[in-house]
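1. coords please:
(one chain, ligands or ions: 2)
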Amino acid sequence: MIRFESVSKRFGPVQALDAVSLDIAPGERVALVGTNGSGKTTLLRALCGLLRVEGRVTVFGIDVQRQPEVALRSVACMPQVAPPLDAPVKELVAAVCALRSRKVARCVERAARLGLDLEAVARTRVRDLSGGTKQKLLAALALTAEAPVLVCDEPTANLDAASRGVFFEEVLARPANSILVLCSHRVDEVRHLVQRVVQLDEGRVVQDAALDAVQWEEADGKVVPLRKVQP
Ligand SMILES: Nc1ncnc2c1ncn2[C@@H]1O[C@H](COP(=O)(O)OP(=O)(O)OP(=O)(O)O)[C@@H](O)[C@H]1O
Ligand SMILES: [Mg+2]
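-> Ligands and ions are numbered 1, 2, ... in the order given. Just a heads-up that it's a prediction; the model follows:
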């Protein structure tokens with residue numbers, strides 16, 4: 001279970017999150033949707049322990065801010081933007097696999113399925129990879145963690161069609177009680193991956209519904225959310 005309890009975050013004049021409360025049960029796959037700047041990434045960063053917020057975020061009952069080293073063992077995160085690391089790919093892969101007690105070979109296999117030859121880029125600095133290649137690397141690392149909670153922020157925005165299809169298959173092949181929290185503007189991503197959609201607007205939850213009941217429109221393959229915060 002993931003529980004957000006009245007989570008708020010202000011950046012100067014911007015109220016990025018405004019008393020967000022949300023429960024996500026084991027087995028649920030949830031998409032956060034909303035216009036640019038509605039607070040999706042900020043909420044994910046709070047879940048991944050990357051941001052101090054007011055309120056409380058717990059993962060399987062453990063407070064992410066108080067006991068991050070315990071809570072975050074259950075969480076694998078695929079950020080919206082890869083960190084601009086000087087380290088070569090090989091070092092990052094080795095470090096993440098060591099931290100998660102996973103074999104490097106498993107990561108190499110997953111990367112290959114996503115169309116990334118890790119041997120070929122082993123000595124390349126992470127920051128020098130192309131946008132799509134970075135995303136494949138982040139996906140391979142996040143999936144290799146085999147954590148019960150997978151958090152993905154716009155995971156396929158830069159992927160080609162073939163890799164996107166493989167990514168969907170890999171996410172759906174996770175154990176049935178796994179949790180997925182996805183941020184997305186892409187209709188195909190949301191339709192393939194989740195059963196529940198939560199819409200944020202100006203840092204507040206304005207819609208929380210099953211995929212087939214959610215109110216939205218589509219334009220150019222993108223989600224156009226319909227609900228707005230009431231003034
Ligand atoms: N580190 C920061 N410093 C200042 N303002 C920030 C910071 N991070 C986010 N914000 C602001 O908080 C608001 C919410 O941002 P957030 O990144 O969560 O939006 P988002 O829903 O993920 O948008 P997008 O769809 O563009 O990714 C925005 O107004 C953004 O400018
Ligand atoms: Mg974002």
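
2. Mind jotting down where the helices sit in this protein?
-> Per DSSP state H, the chain carries helices over the ranges 40-47, 68-71, 89-100, 104-113, 131-144, 161-172, 187-193.

3. In the shortest one, which residues are buried?
-> For helix 68-71, burial by neighbour count (16 or more other Cβ atoms under 10 Å) applies to 68, 71. In short, each C-beta sits where N, CA and C put it, glycine included.

4. on contacts alone, who are the packing partners of that helix?
-> strand 62-63 (3 or more Cβ pairs under 8 Å, 6 or more residues apart in numbering; DSSP states H and E).

5. So in that sheet, which strands flank the strand it packs on, and in what orientation?
-> Applying DSSP bridges, strand 62-63 is found paired with strand 54-59 (antiparallel).

6. Show residues contacting the strand it pairs with.
-> By Cβ atoms under 8 Å, 6 or more residues apart in numbering, the surrounding residues in contact with strand 54-59 are 1-9, 19-21, 46-47, 63-65, 71-72, 74-75, 149.

7. Could you do stretch 132-140 as well?
-> So stretch 132-140 is in contact with 78-79, 82, 89, 92-93, 107, 110-111, 114-116, 118, 121, 126, 129, 152, 155-160, 163, 167, 170, going by Cβ under 8 Å, 6+ apart.

8. swap the cut-off to 6 Å and go again
-> Residues external to stretch 132-140 that are found in contact with it (Cβ atoms under 6 Å, 6 or more residues apart in numbering): 78, 82, 107, 110, 111, 114, 116, 158, 159, 167.

9. and residue 203, which of the helices of the chain is closest to it?
-> Smallest distance to residue 203 across these (Cβ to Cβ): 7.6 Å, for helix 40-47.

10. now the closest one, how far from the centre of its chain.
-> 9 Å (Cα atoms, centre = their mean, to the nearest Å).

11. tell me the mean pLDDT for it?
-> Mean pLDDT, computed over helix 40-47, is 97.

12. buried stuff in that helix?
-> Neighbour-count burial for helix 40-47, counted by 16+ other Cβ under 10 Å, picks out 40, 41, 42, 43, 44, 45, 46, 47.

13. near ligand 2 too, which of the residues you listed?
-> With Cβ under 5 Å from the ion as the criterion, these include 40, 41 near ligand 2.

14. Return the member of the buried residues of helix 40-47 nearest to ligand 2.
-> Of all the buried residues of helix 40-47, residue 41 has the smallest distance to ligand 2: 3.1 Å, by Cβ to the ion.

15. For that closest one, give its distance to residue 29.
-> 18 Å (Cβ to Cβ, to the nearest Å).

16. Put the buried members of the contacts of strand 54-59 into a PyMOL selection.
-> Buried members of the contacts of strand 54-59 can be picked out in PyMOL with the line below, counting by 16+ other Cβ under 10 Å:
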select buried, resi 2+3+4+7+8+9+20+46+47+63+64+71+72+75+149
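
17. among the contacts of strand 54-59, which are in strands?
-> Those of the contacts of strand 54-59 mapping onto strands are 2-9, 19-21, 63, 75, 149, per DSSP state E.

18. Between those residues, which sits nearest residue 201?
-> Closest approach to residue 201 among the ones in strands among the contacts of strand 54-59 (Cβ to Cβ): residue 20, at 11.3 Å.

19. picking up where we left off before, what's the closest of the helices of the chain to residue 229?
-> Nearest to residue 229 among the helices of the chain is helix 40-47 (14.6 Å), distances taken as Cβ to Cβ.

20. Please consider this matter closed, and thank you.
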